[in-house]
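Asker: Here's a sequence, model it:
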Amino acid sequence: MTLRKTKIVATLGPASSSEEVINRMADAGVDLVRLNFSHGTAQDHIDRANLVREIASRHRRPIGVLCDLQGPKIRIGKFEHNKIQLAAGDKFILDADCKLGNQTRVGLDYKTLPAEVEAKTVLLLDDGRIVMTVIEVRGTEIHCVVNAGGDLSNNKGINRQGGGLAAEALTDKDKADILTAVALDADYVAISFPRSAADVQLARQLVQAAGGHAGIIAKIERAEAIGALEEIIDASDAIMVARGDLGVEVGDAAVPGLQKRMIRMARARNKLVITATQMMESMITSPIPTRAEVSDVANAVLDGTDAVMLSAESAAGKYPVESILAMDRVCREAEKDFDSQHAKPRGNKGFHRIDESIAMAAVHVAQHLKVKAIASLTESGTAVMWLSRANILVPIYALASKKETRRKLTLFRGVYPFPFEQHNNDRDQILMDAEDELKSRGAVVDGDLILLTIGEPIGISGGTNTLKIVKVGEHRKS
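Answerer: So this is what the prediction gives:
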C-alpha cells in the first residue's frame, strides 16, 4: 500500500484513553497524540504518554506526543441556574465582582476585562454564538446590549472582535504544565494565543530550563498574531492553524484565506504546520464525515499542510478510531492530486548550508532517476526537513539512533522515521547496514535504486555532507 505522507494528530480524552482504543488508533495510523492540558491532571497526562509509547514500541514505529497548553482562557463565571437565554436587544452586564450570575448579569474570571474594553467594543461569547456590543463601562461592570442571542451557560469563553485583549500567552498554570510536559518527555509543546515571537521564545526558554527537548508549536488564534506571523513562524518549530478562536476574532470568512497563507509561509520558511479545529466535527456522533468535512481535510492536504488534527472527534466522540481511518482515506486520495501538481524541481533558489545542498541534490536525482526511496541517516533531523519541504514523490526514510529525533520526525510530511543503531564509524558498513534495514522493513527489494545521505564525521548533528546512489543488493555480490 502507498504510504500516507500527511500526518494525523489525534487528541486523547475520555473516549480514547484505554489501552484497547489507543492500540486501535495506532493500527489505524495515528502519527502523534495530543494531550489537551485544558482538561485532566498531570498524572493523567503522564499515564497516557507512557501508554502511548508502550503501544508504539509494540508497533515498531514512533508515535509523537504533543502537549497543548491551555493558555489564557477568558471566560464568564457561573449562573445561579446554570444557564440563561438572551434575545437581541436585551441589556446585559459582565461584572468582575459578580459571584453568581442571573438573567441580567454574570461574573468574569478575567478581572481586568473592564479596563480593556470601551463603548462600541464588540464581544463574542461561546465561540461567537452570542454577540454583544459594549454601551459603557462603570467600574467593574461592562454594560452591553445583545446583538445576537441564544442560550448562555456557565464558563463560556469571551473574545473581543478584532482582538486586542492583553492576557499573557503563558499563564501560571501553563508554566506549571510545562514542567509536566518535560517530565513526560513531550516531543512538542503547543502554546495558545501567542501574540509575538517573545511568547514563543519564553516557552522555549522554560522548556529548556526544565531540561526538555520539545519543539515549540505556536497556535495562531489571535488577531494580533496575524500581523506578527513572520516573526512567530521564525521563532517556532511549527505553527498550528487553530481555526476556532481565530475565526471568532477575525471573522469566519477570513479563515480559509489565512489558512492557505499560513501553510504557504510556514513551508517557505522550512517550518512545520498543523491544520486543526472541526475538521471532522460531525464524527463526534456520526460514523462517517460530511462531504464538506472531506473537502476541508483534502484542501488542507492540497495546500501542503504537514498534519491534520482531530480534537473532540477522537477525545470525546463515539468514533475515535473511525475518524482516524476516515482522515487517512481522505489524505491518501488528496495526495494523489497533490503529487501530480506539485512534484516539481526547486528551481534556481540558492543554498546556504551543506546539508541543505546535499538534500536538494538528492531531490534532483530522485526526480530524474527511478529511485525507490531516499534514506537519510540523521542525528538532529535537519537534513530531513529540507527533503520534506521538496514535494518529492518517493518516500523519505529517516534512520535515527535518537528516540527524541524519531518522535519529532513523526510530524514531518512525507517522512517515515525508524530506529537505526550505528555500531561503528565505518561509513561503508553503516550504509550497507542502512540498506539492510530498509530491506528488512519491506521498504525496498533487491534491484531497487535508493539514495542514501550521511554526515562525516559520523554522529555529528547537522553534518550531512554525503550522497550515495545505491542499487539494493549489489554490495552482497562482492
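
Asker: I figured residue 99 was touching residue 107, is that so?
Answerer: Yes: using CB atoms under 8 Å, residue 99 makes contact with residue 107 at a distance of 6.2 Å. (Each C-beta comes from the backbone N, C-alpha and C, glycine too.)

Asker: The two - which one has more neighbours?
Answerer: Taking neighbours as other CB atoms under 10 Å, residue 99 and residue 107 compare with residue 107 leading, 19 against 9.

Asker: pLDDT below threshold where in the chain?
Answerer: For the chain, the stretches with pLDDT under 70 are 1, 339-351, 423-425, 457-462, 475-478.

Asker: Give me the residue at the spatial middle of it.
Answerer: In the chain, the residue lying closest to the centroid (CA atoms, centre = their mean) is residue 274, at 3.9 Å.

Asker: if we can go back for a sec, tell me the residues that contact both of residue 99 and residue 107, please.
Answerer: Residues within reach of residue 99 and of residue 107 at once, by CB atoms under 8 Å, 6 or more residues apart in numbering, are residue 77.

Asker: Contact partners for the residue nearest to residue 189 when sequence neighbours are not counted?
Answerer: Nearest residue to residue 189, sequence neighbours excluded (CB to CB, 6 or more residues apart in numbering): residue 214, at 4.6 Å. Taking CB under 8 Å, 6+ apart, we find residue 214 in contact with 67, 181, 182, 186, 187, 188, 189, 207.

Asker: Who wins on neighbours among these?
Answerer: Using other CB under 10 Å as the neighbour criterion, residue 181 leads the contacts of residue 214 with 30 neighbours.

Asker: Next, that residue: secondary structure please.
Answerer: Here residue 181 is helix, with the state taken from DSSP: H, G, I helix; E, B strand; the rest coil.

Asker: for it, what are its contacts?
Answerer: Contact partners of residue 181, counting by CB under 8 Å, 6+ apart, are 37, 45, 67, 69, 189, 207, 212, 214.

Asker: Look up how far residue 188 lies from the residue nearest to the centre of the chain.
Answerer: 9 Å (CB to CB, to the nearest Å).

Asker: again, but for residue 284
Answerer: Following CB to CB, the distance that separates residue 284 from residue 188 is 24 Å.

Asker: What of residue 40?
Answerer: Note on residue 40: its distance to residue 188, by CB to CB, is 18 Å.

Asker: ok, now residue 364?
Answerer: Counting by CB to CB - residue 364 and residue 188 are separated by 31 Å.

Asker: cool, residue 311 as well?
Answerer: Relative to residue 188, and taking CB to CB, residue 311 is found at 16 Å.

Asker: List the buried residues for the one helix or strand residue 433 maps to?
Answerer: Secondary structure from DSSP states H and E places residue 433 in helix 427-440. By neighbour count on 16 or more other CB atoms under 10 Å, the buried set for helix 427-440 is 427, 430, 431, 433, 434, 435, 437, 438, 439.

Asker: Now flag whichever of these is closest to residue 332.
Answerer: Nearest to residue 332, judged by CB to CB, of those is residue 438 at 21.9 Å.

Asker: you'd agree the closest one is up against residue 446?
Answerer: No: taking contacts as CB under 8 Å, residue 438 lies outside contact range of residue 446: 11.3 Å.

Asker: which residues are in contact with both of the two?
Answerer: residue 472.

Asker: Just the CA atoms of stretch 333-340, as CSV, please.
Answerer: The C-alpha trace of stretch 333-340 is given here as CSV (Å, rounded to 0.1, in the frame of the first residue of the first chain):
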residue,chain,number,x,y,z
GLU,A,333,-6.7,10.3,-2.1
ALA,A,334,-5.9,14.1,-1.9
GLU,A,335,-2.2,13.3,-2.0
LYS,A,336,-2.6,11.7,-5.5
ASP,A,337,-3.6,15.0,-6.9
PHE,A,338,-1.1,17.0,-4.8
ASP,A,339,1.8,14.8,-6.1
SER,A,340,0.7,15.2,-9.8
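
Asker: I'd like the next helix or strand past the longest helix along the chain.
Answerer: When the chain is parsed with DSSP state H, its longest helix is helix 320-342. Later in the chain than helix 320-342, the nearest helix or strand by DSSP H and E is helix 354-368.

Asker: What is the subsequent helix or strand relative to that following helix?
Answerer: With elements assigned by DSSP H and E, the helix or strand that comes after helix 354-368 is strand 371-377.

Asker: Describe which strands that next one pairs with in its sheet and in which direction.
Answerer: With DSSP bridges as the test, strand 371-377 is paired with strand 396-400 (parallel), strand 449-455 (parallel).

Asker: Perfect, that will be all.
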